[in-house]
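# Give me the fold of what follows.
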Amino acid sequence: MNFITYQKRLSYLLGLIEKESVHSPKQMARQFSCNEKTVRGMINKLREQGYEIAYSRKVKKYLLKK
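Residues are numbered from 1 along each chain as shown. Predicted coordinates:
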């Protein structure tokens with residue numbers, strides 16, 4: 001995956017997290033045609049960029065802390 005594609009996917013993933021539409025790395029891996037480890041790495045990359053992202057076991061979604 002090239003840099004531009006990766007950045008677009010990060011942006012798209014962030015948008016989905018903001019809309020509370022990301023339920024699991026497995027779901028996103030299917031959507032992005034990659035593996036779950038890649039999705040977890042993307043979420044960690046967003047965290048490194050300063051986004052406070054947490055997984056809620058109660059609602060089984062990734063959430064952006066405000």
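# what mean pLDDT does the lengthiest helix in the chain have?
Longest helix in the chain, counting residues (DSSP state H): helix 3-18. Averaging pLDDT along helix 3-18 gives 92.
# Against which helices or strands is that helix packed?
The contact analysis (3 or more Cβ pairs under 8 Å, 6 or more residues apart in numbering; DSSP states H and E) places helix 3-18 against helix 25-32, helix 36-48, strand 61-64. Heads up, the C-betas are built off the backbone N, CA and C, glycines and all.
# and with 7 Å instead?
helix 36-48, strand 61-64 (3 or more Cβ pairs under 7 Å, 6 or more residues apart in numbering; DSSP states H and E).
# Contacts made by the helix or strand following the first one with the rest, please.
Which is helix 36-48. In the C-terminal direction, the helix or strand that comes right after helix 36-48 (DSSP states H and E) is strand 53-56. Strand 53-56 has contacts (Cβ atoms under 7 Å, 6 or more residues apart in numbering) with 17, 43, 46, 47, 62, 63, 64, 65.
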